[in-house]
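# Just a sequence and a predicted model for now, questions to come.
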Amino acid sequence: MLVARGTLGNVATDEELAAAVERHRERGSLETVSVDRTERRRSRFRTTTDAGTEVGVVVESTDGLSPGDVLLVDDERAIVVAFESMAAVVVDLPDDPVVSRAGLVELGHVVGNKHWELATREGLVYVALGPDADRRRHELEALLPAAADTWTEQVAPELFDGTVAAHSHDHGHSHDHGHERVDEQGDDGADD
């Protein structure tokens, strides 16, 4: 198993690293580690790349992982981090003076008290869905003004970190309310 101790940098900020990763993409030797919302907050975990390579990841930065972080570049392959998308309810609130500000404050209060992840971008409100997606969506829609439009969409999880204003326009529309090294080791001690 490969063990990635830290990252080599990020393709978005390191041109030399981005060029090396692009060469691997062109050769077909670029591998991706898709990290879910739980793993991206962990300091150690085991995973498998899209090509089947087992990797132990040790995150040495207190900032955690970011999409585009490079775990490995060598003659054989490059391994880059990607975040798995997540489902969110998108709310398009009406621009209507009849909509009660108090109702919107109540909505914010409920979402905050339940510790639901929330983001706003381009006039839309995004509320992350979890394993209780149906219940969460029902509770949320009960708080919204009747004129609000809602749908479910897959979004980049970093949308909720406040760092990136990106989401994948893969709508499930239902408008119905420092360089480190990588070691090849048998036992890395990374958590499962």
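Done, it's in.
# bridging residues for Arg5?
Taking DSSP bridges as the rule, Arg5 bridges to Val58.
# pLDDT score assigned to it?
pLDDT, Arg5: 86.
# any idea how far it is from Ser43?
From Arg5 across to Ser43, the span is 11 Å (Cβ to Cβ, to the nearest Å). Bear in mind the C-beta positions are built from the backbone N, C-alpha and C, glycine included.
# any residues in contact with both of the two?
Val58 (Cβ atoms under 8 Å, 6 or more residues apart in numbering).
# need the contact list for the nearest residue to Asp36 once chain neighbours are set aside.
Using Cβ to Cβ, 6 or more residues apart in numbering and skipping the chain neighbours, the partner closest in space to Asp36 is Glu84 (4.8 Å). Counting by Cβ under 8 Å, 6+ apart, Glu84 makes contact with Ser34, Val35, Asp36, Arg37, Pro157.
# if we go to 10 Å?
Ser34, Val35, Asp36, Arg37, Glu39, Arg40, Gln154, Ala156, Pro157 (Cβ atoms under 10 Å, 6 or more residues apart in numbering).
# most surrounded residue in the residues you listed?
Of all the contacts of Glu84, Val35 has the most neighbours under the rule other Cβ atoms under 10 Å, reaching 24 neighbours.
# quick check: mean pLDDT across stretch 148-165?
The model assigns stretch 148-165 a mean pLDDT of 76.
# now it, how far from the chain's geometric center?
With Cα atoms, centre = their mean, to the nearest Å as the basis, stretch 148-165 stands 9 Å off its chain's centre.
# what about dumping the CA coordinates of that stretch to PDB?
Below are the C-alpha coordinates for stretch 148-165, written out as PDB (Å, rounded to 0.1, in the frame of the first residue of the first chain):
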ATOM      1  CA  ALA A 148     -40.400  29.700  -2.900                       C
ATOM      2  CA  ASP A 149     -39.100  27.300  -5.500                       C
ATOM      3  CA  THR A 150     -37.100  24.300  -4.400                       C
ATOM      4  CA  TRP A 151     -35.200  21.500  -6.100                       C
ATOM      5  CA  THR A 152     -32.400  19.000  -5.300                       C
ATOM      6  CA  GLU A 153     -29.000  19.400  -6.800                       C
ATOM      7  CA  GLN A 154     -25.600  17.700  -6.500                       C
ATOM      8  CA  VAL A 155     -23.100  20.300  -5.300                       C
ATOM      9  CA  ALA A 156     -19.400  20.400  -4.500                       C
ATOM     10  CA  PRO A 157     -19.000  20.000  -0.700                       C
ATOM     11  CA  GLU A 158     -16.600  22.900  -0.500                       C
ATOM     12  CA  LEU A 159     -19.600  25.100  -1.300                       C
ATOM     13  CA  PHE A 160     -20.400  24.800   2.400                       C
ATOM     14  CA  ASP A 161     -16.900  25.600   3.500                       C
ATOM     15  CA  GLY A 162     -17.300  29.100   2.300                       C
ATOM     16  CA  THR A 163     -14.100  28.700   0.100                       C
ATOM     17  CA  VAL A 164     -15.500  28.000  -3.300                       C
ATOM     18  CA  ALA A 165     -18.600  29.300  -5.100                       C
END
